[in-house]
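[1] Fold the following for me, if possible:
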Amino acid sequence: MTDITATPAPVSKRGIWGWMMFDWAAQPFFTVVTTFIFGPYVASRMIADPEAGQTAWAFGIAIAGIFIAILSPILGSIADKTGPRKPWIIFFAAIKITALVLLWFAAPGSNIMWVLGAFILATVAAEFSIVFNDSMMPSLVSSEQSGWVSNVAWGMGYLGGMIVLIIVLLFLATNAETGLTLLGNEPLFGLDPAQAEGDRATGPLAGLWYFIFILPMLFFTPDRGQRAKSLGAAVQSGLSELRHTIIKARERAGIFRFLIARMIFQDGVNALIALGGTFAAGMFAWKIIELGIFGIMLNVVAIPACLIAARLDKVLGSKKLIILSILFLITATIGIVSTTPTSTFFGLLQFAPAISDDLFASGAERAYIVYGCLIGAAFGPVQASSRSYLARSVHPSEAGQYFGLYAFTGRATSFLAPASVGAVTWATGSATLGMATILIFFVIGLAILWGTPYPASDPKSAKVSA
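    All right, here's what the predicted structure looks like:
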């Protein structure tokens with residue numbers, strides 16, 4: 001039997017950096033398509049009614065989440081049991097890139113159904129590619145190295161997303177009134193501002209970026225998976241192991257409680273990140289330039305926040321850092337939903353109307369930016385420290401099982417928060433009430449986490465099967 005705790009055979013630095021480049025390649029899709037450029041374009045310009053636009057985009061994210069939740073455990077089993085990961089990454093990369101190219105044709109007034117269909121396909125393919133890429137890490141680096149490699153790769157992803165966002169703002173996306181980019185120039189390649197071609201170009205651009213920068217991983221990173229089972233046997237085995245691991249987790253109440261808490265608050269994190277931009281677009285009539293600069297600000301805060309959190313995690317422990325991050329996110333969400341174009345804190349702080357057309361000229365917009373920076377400071381640490389919380393709670397010999405369950409619970413309800421936002425927005429006609437439902441996920445997740453022991457279980461007490 002293979003010793004699953006054994007140190008992997010050495011991998012060249014080029015191979016490690018190739019693997020880390022995957023995050024650099026993948027993140028721009030989530031930054032410029034899902035959150036800050038294409039998503040707000042669909043919600044505020046392709047669809048004339050902002051509430052209807054937010055509803056449609058939220059439901060698109062929710063539907064993608066349902067597919068991911070249903071299929072990710074099976075894909076995780078395939079990653080473990082069928083051997084090489086790269087062929088699967090290439091397969092899903094082809095689907096993702098094709099779907100992103102299709103977004104170019106989402107002109108104003110296009111049928112929303114096919115646009116959402118292409119976006120859902122790209123999202124599902126992106127998440128499944130991540131499943132296979134992540135499953136390569138244990139064979140590349142030791143457990144001592146994994147924290148550093150994972151966090152640096154995460155930071156590289158934020159940086160890559162920010163660079164693509166800056167490129168879009170400086171050279172492609174335009175102000176709807178002037179037709180000029182942030183530099184005051186006409187967009188490159190003769191893109192037509194009236195048809196929002198700069199916004200629509202984010203799909204093909206994210207696809208091209210992904211294609212180019214996954215090549216180092218494909219060429220230089222060793223793929224050490226050895227084919228062990230057929231596809232059908234791997235699926236059957238994976239579902240059986242999932243049931244077995246869930247039963248084991250329920251017998252260890254601390255771990256089970258942590259996984260449930262994380263499942264709930266992470267759903268809120270995902271919804272807040274994905275929908276915060278479209279909400280601002282509807283409230284302040286922010287165009288792509290404003291949204292893009294807002295996104296850059298969040299990323300500028302997020303990168304050093306991850307580095308600071310790496311130190312705080314050692315000093316405070318993962319649980320306290322997660323709690324602190326959730327409190328930041330609750331504060332930011334309350335701030336966001338309490339803000340109107342002329343006030344914040346539910347009217348307690350009033351602002352004079354903006355007297356110029358400058359960027360973020362009103363006090364309410366600046367308050368929204370402050371809340372956004374709180375999100376930027378928290379959304380990286382809350383995810384990174386959740387991973388280290390579990391790592392400190394399980395025995396190395398059972399880490400694979402529990403991190404598989406961790407990945408599953410992170411996606412199992414990923415549709416609930418965006419679906420709640422979409423449903424409440426649709427039922428009430430209020431985007432603010434829709435966004436307020438995110439608070440429910442943070443409060444419930446925090447309440448469950450509060451009573452969870454840290455570590456969630458003593459690794460030394462684990463019953464390790466031979």
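[2] correct me, but Ala431 touches Ala52?
    No - shown here, Ala431 and Ala52 do not form a contact pair, counting by CB atoms under 8 Å, at 10.0 Å. (Glycine included, C-beta is placed from N, CA and C.)
[3] Comparing the two, which shows the higher neighbour count?
    Between Ala431 and Ala52, Ala431 has the larger neighbour count (other CB atoms under 10 Å), namely 26 against 16.
[4] List the contacts of that one.
    Shown in contact with Ala431 (CB atoms under 8 Å, 6 or more residues apart in numbering): 50-51, 54, 279, 282-283, 425.
[5] how about those in CSV, adding secondary structure and pLDDT?
    Shown next, in CSV, are the contacts of Ala431 (DSSP: H, G, I helix; E, B strand; the rest coil; pLDDT from 0 to 100):
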residue, secondary structure, pLDDT
Pro50, helix, 72
Glu51, helix, 75
Gln54, helix, 75
Phe279, helix, 87
Gly282, helix, 82
Met283, helix, 87
Thr425, helix, 90
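[6] and the residues you listed, which are buried?
    Buried residues within the contacts of Ala431, defined by neighbour count using 16 or more other CB atoms under 10 Å: 50-51, 54, 279, 282-283, 425.
[7] Just flag the most distant two among these.
    Greatest spatial distance in those: Met283 and Thr425, 12.7 Å, computed using CB to CB.
[8] Could you tell me how many residues sit around Thr340?
    Neighbour count for Thr340, taken as other CB under 10 Å: 14.
[9] scratch that, Gln350
    When neighbours are counted by other CB under 10 Å, Gln350 comes out with 12.
[10] do Asp358 as well
    8.
[11] Now do the SS call for it.
    coil (DSSP: H, G, I helix; E, B strand; the rest coil).
[12] ok, it to Thr342 distance?
    According to CB to CB, to the nearest Å, Asp358 stands 17 Å off from Thr342.
[13] Then Ala310?
    In this structure, Ala310 and Thr342 are 40 Å apart, going by CB to CB.
[14] Compare these two (neighbour count), which wins?
    Between Ala310 and Thr342, counted using other CB under 10 Å, Ala310 has the larger neighbour count: 20 against 14.
[15] Flag every buried residue along the helix or strand containing the more buried one.
    Taking DSSP states H and E as the criterion, Ala310 maps to helix 288-316. Residues of helix 288-316 classed as buried: 288-299, 301-303, 305-306, 309-310, 312-313 (neighbour count, 16+ other CB under 10 Å).
[16] chain center to the next helix or strand after that helix: distance?
    Next in sequence after helix 288-316, counting helices and strands by DSSP H and E, comes helix 318-337. From the chain centre to the centre of helix 318-337 is a distance of 17 Å (CA atoms, centre = their mean, to the nearest Å).
[17] Helix 318-337 vs helix 288-316, what angle?
    Put simply, helix 318-337 runs at 150 degrees to helix 288-316, going by axes from the mean of the first three to the mean of the last three CA atoms, to 10 degrees.
[18] Check which helices and strands helix 318-337 sits against.
    Applying 3 or more CB pairs under 8 Å, 6 or more residues apart in numbering; DSSP states H and E, we find helix 318-337 packed against helix 253-284, helix 288-316, helix 363-391, helix 431-436, helix 438-450.
[19] go with 10 Å
    If contacts are counted by 3 or more CB pairs under 10 Å, 6 or more residues apart in numbering; DSSP states H and E, helix 318-337 sits against helix 253-284, helix 288-316, strand 343-344, helix 363-391, helix 431-436, helix 438-450.
[20] so which of the ones you listed gets nearest Thr178?
    That would be helix 288-316 among these, by CB to CB, at 9.5 Å.
[21] Report the angle between that closest one and helix 363-391.
    40 degrees.
[22] Who are the packing partners of helix 288-316?
    Looks like helix 288-316 contacts helix 38-41, helix 143-171, helix 197-200, helix 253-284, helix 318-337, helix 363-391 (3+ CB pairs under 10 Å, 6+ apart).
[23] can you give me the mean pLDDT across that helix?
    Here helix 288-316 scores 83 as its mean pLDDT.
[24] repeat for stretch 391-408
    On average, stretch 391-408 scores 67.
[25] end-to-end on that stretch?
    16 Å (CA to CA, to the nearest Å).
[26] repeat for stretch 331-342
    Using CA to CA, the two ends of stretch 331-342 sit 19 Å apart.
[27] quick one: buried residues of that stretch?
    Going by 16+ other CB under 10 Å, stretch 331-342 has these buried residues: 332-339.
[28] Show me the shaky parts of the stretch 101-250 of the chain.
    138, 142-148, 151, 224-232, 234-235, 237-239, 241-246, 248-250 (pLDDT under 70).
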